[in-house]
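A.B. asks: Here's my sequence, what's the structure:
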Amino acid sequence: MSVEIVRKYLSAYGLAERVRDFQVSSATVELAAAALGTECARIAKSITLYNKDGTCLMIIAAGDVKIDNAKFKAKFAFKARMMSHEDALSATGHAVGGICPFALPDGVSVYLDESLRRFETVFPAAGSASSAVEMTCDELERASRSIAWTDVCKLREA
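C.D. replies: Numbers count the residues shown, from 1 in each chain. Below you'll find the model as predicted:
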């Protein structure tokens, strides 16, 4: 089970005890926020995109933002293209709804979007469609082994 792999992975960072399992789905930003009793913006969603070479490029962003295509293209020099559910599972080892930046196979490039930094703690998924883990942005940066912080998102229109 992916959540157990993530829990074991996070134990190396002293974060395993923070993994929360729910009796309800947390597979979307809205469902995760409801399960946690928090605002959607604090959900650290994993956006899986095809990298230029076909591998996985993952952007971890606040739940109230979306990729800004112009910013993304300026940063990465190619157009953002979402991975299919099958390719995302194959690339990350996690199914859609539980994709997270932890316990990833080699070759996945993780970037953290600046939209997260406005929060003291955020809630990324923990490997299943009914789990999450609370952590600071510094803890997220370490545990995700991210390449860098970036600014490639914009607020969603209401």
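
A.B. asks: Do a quick rundown of the strands in the chain.
C.D. replies: Per DSSP state E, the chain carries strands over the ranges 19-21, 43-50, 56-62, 65-67, 109-113, 121-124, 131-133, 135-136, 148-150, 153-155.

A.B. asks: Kindly provide the distance from the closest residue to residue 23 other than its chain neighbours to residue 121.
C.D. replies: Residue nearest to residue 23 in three dimensions, not counting chain neighbours: residue 130, with 7.3 Å by C-beta to C-beta, 6 or more residues apart in numbering. Yep, even glycine has a C-beta here, placed from its N, CA and C like the rest. Going from residue 130 to residue 121 by C-beta to C-beta, to the nearest Å gives 20 Å.

A.B. asks: Show me where the chain dips below the pLDDT cut-off.
C.D. replies: 1, 158 (pLDDT under 70).

A.B. asks: all helices for it, in order.
C.D. replies: 2-11, 29-36, 69-76, 85-92, 137-144 (DSSP state H).

A.B. asks: Show me what the most centrally placed residue in the chain bridges to in the sheet.
C.D. replies: In the chain, the residue lying closest to the centroid (C-alpha atoms, centre = their mean) is residue 46, at 2.6 Å. On the basis of DSSP bridges, residue 46 takes part in beta bridges with residue 60.
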